[in-house]
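Enquirer: Here you go, sequence then predicted model.
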Amino acid sequence: IFKFLGAISVDLGQDKIKPYLPTILTPLYRELNSNYAEQDPTLKNLSQEIIELLKKLVGLEAFSLAFSSVQKQANQKRAMRKKQRALQTVANPDIAARRKLKRHKNKEETRKRKIESLRPMYKAKRHRSNALKDLAMVE
């Protein structure tokens, strides 16, 4: 998709690409700004190359305006999601408690995995997952 975006932007040219610049920059910015553990470095390099290409094609001023608008929009979305999550903890405490328990369980499993990788002889006790027992309603 990134290659397609680059090809389309070159094909359209400087004047026709300007209205579509924020739309093109959104996935590129998302890829550059992401911090996933299993991120593909080739995608990041490709997005950086396409951004450089767009910078040369459109000009620094127009590119900067579009990039800053995309950046601002992403930050607003992030802040809105954070605010909704905070409101949800107040409105639905049971859902928030369930999320907190799940996060705690994941953190515990991560810690056990880390210990096992550092000390191969040590085997951490793991919770045995019985699918039917986990699905049952506990009162």
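Expert: That came through, no problem.

Enquirer: so what secondary structure elements neighbour the longest helix seen in the chain?
Expert: Counting by DSSP state H, the longest helix found in the chain is helix 60-91. For helix 60-91, the packing partners by 3 or more C-beta pairs under 8 Å, 6 or more residues apart in numbering; DSSP states H and E come out as helix 21-33, helix 41-58, helix 93-118. Where you see a C-beta, it was placed from the backbone N, CA and C, and this is true even at glycine.

Enquirer: Deepest-packed of those, please.
Expert: Among those, helix 21-33 has the highest mean neighbour count (mean count of other C-beta atoms under 10 Å), at a mean of 17.

Enquirer: neighbouring contacts of it?
Expert: Outside helix 21-33, the residues within contact range by C-beta atoms under 8 Å, 6 or more residues apart in numbering are 1-2, 5, 8-9, 17, 43-44, 47-48, 50-51, 54, 58, 62-63, 66-67, 69-71, 73-74.

Enquirer: How about stretch 73-92?
Expert: By C-beta under 8 Å, 6+ apart, stretch 73-92 touches 22, 26, 29-30, 33, 95-96.

Enquirer: Perfect, I'm done here.
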